[in-house]
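J.: Model the structure of this input:
(one chain, ligands or ions: 1)
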Amino acid sequence: MTILIIEDEAKLVDILKKALKGENYATDAALDGEEGLQKALKNNYGLIILDIMLPKRDGLSVAKELRARNIHTPILMLTARGTMEDKVAGLDIGADDYLIKPFGIDELFARVRAILRRRKTTDSDIWKVADLILDKKKHEVTRAGKVIALTPKEYRLLDTMVTHRDQAMSRRQLIENAWGPDFVEANNELNVHIRYLRRKIDSEGLKPLIHTVRGVGYIVKEA
Ligand code: CA
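T.: Reported below is the predicted structural model:
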């Protein structure tokens with residue numbers, strides 16, 4: 001597993017690289033936010049250590065862009081400022097944890113291990129969009145804590161949209177992904193099932209999560 005370090009203090013990068021190597025992690029590094037973002041988009045990392053104060057593009061913006069592009073690599077934020085606003089902003093954007101500079105190497109290892117452990121047990125089976133939770137192992141869907149009964153067709157459709165959350169999907173992509181490439185749609189079936197899903201998932205009083213993308217298809221996202 002390779003860890004990407006996005007940090008502009010070359011000295012700290014060296015220290016982190018050496019320390020992580022000692023724990024048998026491979027490392028890659030970027031010295032500014034833009035380079036870091038490009039590397040994170042292009043390569044597959046097990047974890048990203050991301051400083052907030054960076055040249056060209058700050059860490060919060062890098063994290064935001066990655067999550068917006070549906071890249072869910074775990075992120076450990078580094079902040080020198082240590083203000084509550086930064087921490088909350090980082091976690092809101094989708095960082096997994098943060099460390100306040102200066103930190104001890106043992107503390108870094110502890111956080112890295114904790115993040116990777118957490119991700120391993122939850123990442124593949126439990127998918128969340130706001131308070132909608134889809135458990136792929138149990139084939140169970142809950143919204144705001146309540147279990148929602150879906151037909152197998154509805155479940156596969158929702159599963160497809162949640163797996164591609166924050167991505168607009170065309171009608172064809174949805175049908176092929178959910179019901180198979182040979183599925184022939186009749187009587188506007190997709191719209192009918194979307195309507196059923198909306199009635200069940202986005203019931204009254206709840207924030208809608210299934211959105212229409214005009215001229216394209218549909219997207220599942222938070223607001
Ligand atoms: Ca910095």
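J.: drop to CA atoms for contacts and neighbour counts, all remaining ones
T.: Noted.
J.: right, and residue 156 touches residue 175 too?
T.: No: using C-alpha atoms under 8 Å, residue 156 is not in contact with residue 175, being 9.6 Å away.
J.: Those two: who's more crowded?
T.: Neighbours per residue, other C-alpha atoms under 10 Å: of residue 156 and residue 175, the larger number sits with residue 175, 21 against 18.
J.: so what secondary structure elements neighbour the one helix or strand that one maps to?
T.: Element membership of residue 175 [criterion: DSSP states H and E] is helix 171-179. When contacts are defined as 3 or more C-alpha pairs under 8 Å, 6 or more residues apart in numbering; DSSP states H and E, helix 171-179 sits against helix 152-163.
J.: For the helix it packs on, give the mean pLDDT please.
T.: Mean pLDDT, helix 152-163: 92.
J.: got the angle between it and helix 171-179?
T.: Angle of helix 152-163 versus helix 171-179, following axes from the mean of the first three to the mean of the last three C-alpha atoms, to 10 degrees, is 120 degrees.
J.: Need the CA coordinates for helix 152-163. CSV is fine.
T.: Taking C-alpha atoms only, helix 152-163 is exported to CSV below (Å, rounded to 0.1, in the frame of the first residue of the first chain):
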residue,chain,number,x,y,z
PRO,A,152,-35.2,-6.5,-6.0
LYS,A,153,-35.4,-4.2,-9.0
GLU,A,154,-35.7,-1.1,-6.9
TYR,A,155,-32.8,-2.3,-4.7
ARG,A,156,-30.5,-2.8,-7.7
LEU,A,157,-31.4,0.6,-9.1
LEU,A,158,-30.7,2.3,-5.7
ASP,A,159,-27.6,0.3,-5.2
THR,A,160,-26.3,1.5,-8.6
MET,A,161,-27.0,5.1,-7.9
VAL,A,162,-25.5,5.0,-4.4
THR,A,163,-22.4,3.3,-5.7
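J.: and residue 102, what is it in contact with?
T.: By C-alpha atoms under 8 Å, 6 or more residues apart in numbering, the contact list for residue 102 reads residue 80.
J.: For it, identify the helix or strand it belongs to.
T.: Judged by DSSP H and E, residue 102 forms part of no helix or strand.
J.: For residue 96, see how far away it is.
T.: Using C-alpha to C-alpha, to the nearest Å, residue 102 is found at 19 Å from residue 96.
J.: Show me how far the helix holding residue 175 is from its chain's centre.
T.: Relative to its parent chain, helix 171-179 has a centroid offset of 22 Å by C-alpha atoms, centre = their mean, to the nearest Å.
J.: tell me which parts of this structure are close to the ion?
T.: Proximity of the chain to the ion is confined to 53, 54 under the rule C-alpha under 5 Å from the ion.
J.: ok, now with 6 Å
T.: Contact residues, the chain versus the ion (C-alpha under 6 Å from the ion): 7, 8, 51, 53, 54.
J.: ok, these vs residue 162, which is closest?
T.: Residue 162 has its nearest neighbour among the residues of the chain next to the ion in residue 51, at 29.6 Å by C-alpha to C-alpha.
J.: what's the closest non-adjacent residue to the closest one?
T.: Using C-alpha to C-alpha, 6 or more residues apart in numbering and skipping the chain neighbours, the partner closest in space to residue 51 is residue 78 (4.4 Å).
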